[in-house]
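Enquirer: 3D model of this:
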Amino acid sequence: PEDPRLCDCLEALGKVYAARGQVDKAETQLKQALVLRETLVGQDHPELSEKHIMMGEFYTKSGKADAAEKHFLLGVTILEKVVARDHIALADPLNSLGTFLIKVKKFKEAEPVFLRAVDIIEKNGGNYDIRLAGNLTNLGLVYQFTNRMDKAEQVTKRSLELQEKKIGTKDPRLLYTLTT
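Expert: Below you'll find the model as predicted:
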């Protein structure tokens, strides 16, 4: 059997190529790592979900939106198979998917993704979870881009209040929310 460390090496090499702008070489290494990891852990393993999200981010940066969307969706789908539909582990992959959908201007598809992520975080006692603030900010962007300014203001204010309580008013991370 293959050594799982080989996956990590292939992935690391892929990231080096990506950082150098060698997208084709990076893609080859990252795909090889993903296929090997799937062989080692199986199709429905949470680790594979994480790697599909990573591939989605790689393809987004590489300008390959169709491939990116496929991997983001696979990442969420795999995780949904192994955890409950409202499990907190889904919050970050949903945020990644929603953020991608904003980037490709699929606002109607992004809205339910962020609403679900917000709901998951709140149901899991995360009213003061910083991830809630990020999802609210992104939901505010969706509302802004779809010309629903009252809703945008409401959720963005909520995000800002949460961030101020959680990280303080002088933290530079507040800048993103303030400028959206």
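Enquirer: And for stretch 137-154, what's in contact with it?
Expert: For stretch 137-154, the external contacting residues (C-beta atoms under 8 Å, 6 or more residues apart in numbering) are 95, 98-99, 102, 105, 107-108, 110-111, 114-115, 118, 155-156, 159, 176-177, 180. Using the backbone N, CA and C atoms, a C-beta is placed for each residue, glycine as well.
Enquirer: Tell me who's in contact with the residue minimising distance to the centre of the chain.
Expert: Geometric centre of the chain, nearest residue: S96, 1.5 Å, by C-alpha atoms, centre = their mean. Neighbouring residues of S96 by C-beta under 8 Å, 6+ apart: I53, G56, E57, F72, G75.
Enquirer: now, which of the residues you listed lie within helices?
Expert: Here DSSP state H is the test, and the contacts of S96 give I53, G56, E57, F72, G75 as lying in helices.
Enquirer: could I get those as JSON lines with pLDDT and distance to Q144?
Expert: Below are the ones in helices among the contacts of S96 laid out as JSON lines (pLDDT from 0 to 100; distance: C-beta to C-beta, whole Å):
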{"residue": "I53", "pLDDT": "97", "distance to Q144": "25"}
{"residue": "G56", "pLDDT": "97", "distance to Q144": "24"}
{"residue": "E57", "pLDDT": "97", "distance to Q144": "23"}
{"residue": "F72", "pLDDT": "98", "distance to Q144": "22"}
{"residue": "G75", "pLDDT": "96", "distance to Q144": "26"}
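Enquirer: Quick check: the farthest pair among those?
Expert: E57 and G75 (9.9 Å; C-beta to C-beta).
Enquirer: who has more neighbours, these two?
Expert: G75 (27 against 18; other C-beta atoms under 10 Å).
Enquirer: Tell me, how many residues neighbour L79?
Expert: 24.
Enquirer: Distance check, it against G56.
Expert: Computed with C-beta to C-beta, to the nearest Å, the distance linking L79 and G56 is 13 Å.
Enquirer: Which residues are in contact with the residue nearest to L136 when sequence neighbours are not counted?
Expert: Spatial nearest neighbour of L136, chain neighbours left out: S159 (3.7 Å); criterion: C-beta to C-beta, 6 or more residues apart in numbering. Contact partners of S159, counting by C-beta under 8 Å, 6+ apart, are L132, A133, G134, L136, T137, G140, T177.
Enquirer: ok, the fourth one touching K157?
Expert: No - when contacts are counted by C-beta atoms under 8 Å, L136 is not listed as touching K157 (9.1 Å).
Enquirer: Which residue of those two possesses the greater neighbour count?
Expert: L136 (25 against 13).
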